[in-house]
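Chemist: Sharing a model that was predicted from the sequence below.
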Amino acid sequence: METYENQIKYNDDGSVNVPFGRAAEWYISNANLLKNYRLKNQSRQVTPKLVKAGILTVERVQGAIDYLAWKTKTGTVKSTNRIDDVLVLTSLGRDLVSQIELGLAKNQQCWYWVMYCSGDGGNCQRLCGSVGKCNENCENYNLRNNLKNGNDMHHCSVRVISECQLSWLSLENPLRITIQGTHRTFYNNNIPKISRINLTYSVRDSIALSRRADHRTAKGIKAKLLTSLNGASEEVINNALASQRIICNNDKLRQFVARDDKKLKDDTGPWTQLDSLVNNILKSQGFILYYQIADINQPADSPDRYYQLTISDEFWLKNARDYGKICIGIDGKYDLNL
């Protein structure tokens, strides 16, 4: 199993500093207080304003697939936030950081994000002091699910705060993560039952890639996920089954695969995940042989009217380099073309 322990810097106040990317999610997933719990998150603060000002950009960690992207009415491309996103300074941002270091400009936050325990399973002590359900005198008592809205953090006091300032971006570990609160003020060894999908982003990316590239079924994907636990101790396997961060039950996996199928079907044009995957990841790795975006202004019998994507992998690229003289392609209907 992949580990990022050597990238975690532990601070005296109980917080940690990590590099942007996979290490942030790895730390959160493996923190003792969070291992068997599902986290929700509020909106990420500050970052969008600095992106709009041209001070920094938000880049996806290499291999990121599981996210939504859309185009606003004004033409701005937006996408869902992930804890493993990477902040990169623009030239304007680097100039501003230089001024901050010289004391000519004020330092400012560039990332502030609060994640919180969902309270699944009724195992957490709520802010009103009750466990599993609210007290009758609680202002949330008569509300649906005892919540004022989707971001109400009433079900548990555990918070995960990640933050970064502009001047920290030049550091090796710029993202600071602080875990606050407790699930309950008394001892309870019950393991909460997680009712919703709780897979990490790295696992979700792996599932989506297996489905889209290899057309694996949910059963085949489950078998692939289980290989990461080969040789693991009984305790590690039990923790994995309880947290559902790297493996989940068959029903949840089928739901995730079905959702990703629909998302991909609805998301295959310019400014979409497929386009981003091709241009931002696969092209730089040399796997894209040909990519054409459809031009609906072309006649129906013109090949320019349709999307065309030809890809390969490292094994077949090496074979083509060393031995290939004839190219054989198989399209989605399994028609053979030379």
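Modeler: Yep, that arrived.

Chemist: what residues are up against the closest residue to Gln308 other than its chain neighbours?
Modeler: The shortest distance from Gln308 to any residue other than its chain neighbours is 4.1 Å, reached at Gln292 (CB to CB, 6 or more residues apart in numbering). Just so you know, the C-beta spots here come from the backbone N, C-alpha and C atoms, and that holds for glycine as well. Applying CB atoms under 8 Å, 6 or more residues apart in numbering to Gln292 gives the contacts Asp304, Tyr306, Tyr307, Gln308, Leu309.

Chemist: Show me those that map onto strands.
Modeler: Gln308, Leu309 (DSSP state E).

Chemist: Return the residues in contact with the residue positioned nearest the centre of the chain.
Modeler: Nearest to the geometric centre of the chain sits Tyr201, at 3.7 Å (CA atoms, centre = their mean). Counting by CB under 8 Å, 6+ apart, Tyr201 touches Glu25, Ala64, Asp66, Arg82, Ile83, Asp84.

Chemist: Out of the residues you listed, which one has the lowest pLDDT?
Modeler: The lowest pLDDT within the contacts of Tyr201 belongs to Asp66, which sits at 88.

Chemist: wait, it sits on Arg204?
Modeler: Yes - applying CB atoms under 8 Å, one finds Asp66 in contact with Arg204, separated by 3.9 Å.

Chemist: What are the buried residues along the longest helix seen in the chain?
Modeler: Ordering each helix of the chain by length in residues (DSSP state H) puts helix 250-265 first. For helix 250-265, burial by neighbour count (16 or more other CB atoms under 10 Å) applies to Lys252, Leu253, Arg254, Phe256, Val257, Asp260, Leu264.

Chemist: now do stretch 137-157
Modeler: For stretch 137-157, a neighbour-count test (16+ other CB under 10 Å) marks Cys138, Asn140, Asn146, Met153, His154, His155, Cys156, Ser157 as buried.

Chemist: try stretch 196-204
Modeler: In stretch 196-204, counting by 16+ other CB under 10 Å, buried: Asn198, Leu199, Thr200, Tyr201, Ser202, Val203, Arg204.

Chemist: first vs last residue of that stretch, how far apart are they?
Modeler: 14 Å (CA to CA, to the nearest Å).

Chemist: next one: stretch 300-314
Modeler: By CA to CA, one end of stretch 300-314 lies 35 Å from the other end.

Chemist: quick one: that stretch to chain centroid distance?
Modeler: Distance of stretch 300-314 from its chain centroid, counting by CA atoms, centre = their mean, to the nearest Å, is 29 Å.

Chemist: Also stretch 171-189?
Modeler: Between the centre of stretch 171-189 and the centre of its chain there are 20 Å (CA atoms, centre = their mean).

Chemist: picking that back up, list just the nearest of the buried residues of stretch 137-157 to Ile246.
Modeler: Ranked by distance to Ile246 (CB to CB), the buried residues of stretch 137-157 are led by Cys156 at 22.6 Å.

Chemist: residues in contact with the closest one?
Modeler: Counting by CB under 8 Å, 6+ apart, Cys156 makes contact with Tyr116, Cys117, Ser118, Gly119, Cys124, Gln125, Arg126, Gly181, His183.

Chemist: Make CSV out of the residues you listed and add pLDDT, neighbour count and distance to Ile246.
Modeler: CSV is the format used below for the contacts of Cys156 (pLDDT from 0 to 100; neighbours: other CB atoms under 10 Å; distance: CB to CB, whole Å):
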residue, pLDDT, neighbour count, distance to Ile246
Tyr116, 96, 23, 22
Cys117, 94, 24, 19
Ser118, 91, 20, 18
Gly119, 89, 26, 22
Cys124, 90, 23, 22
Gln125, 91, 21, 27
Arg126, 92, 22, 29
Gly181, 94, 16, 25
His183, 92, 19, 21
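
Chemist: so of those residues, which ones are in strands?
Modeler: Among these, the members found in strands (DSSP E) are Tyr116, Cys117.

Chemist: can you map out the helices along the chain?
Modeler: Applying DSSP H to the chain gives helices spanning 22-30, 47-52, 91-101, 201-214, 218-226, 234-243, 250-265, 273-277, 314-323.

Chemist: who touches Ile237 in this structure?
Modeler: Here Ile237 is in contact with Leu229 (CB under 8 Å, 6+ apart).

Chemist: ok, now Lys283?
Modeler: Each residue near Lys283 by CB under 8 Å, 6+ apart is listed here: Tyr291.

Chemist: now Asp260
Modeler: If you count contacts by CB under 8 Å, 6+ apart, then Asp260 has Asp66, Ile207, Ala208, Arg211, Arg212 around it.

Chemist: Throw those residues into TSV and include distance to Ile221 and neighbour count, thanks.
Modeler: Output for the contacts of Asp260, formatted as TSV (distance: CB to CB, whole Å; neighbours: other CB atoms under 10 Å):
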residue	distance to Ile221	neighbour count
Asp66	13	22
Ile207	5	24
Ala208	10	24
Arg211	7	20
Arg212	11	16
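
Chemist: any low-confidence regions in this structure?
Modeler: Low-confidence segments of the chain, defined by pLDDT under 70, span residues 1, 267-273, 296, 316-317, 320-321, 323-338.
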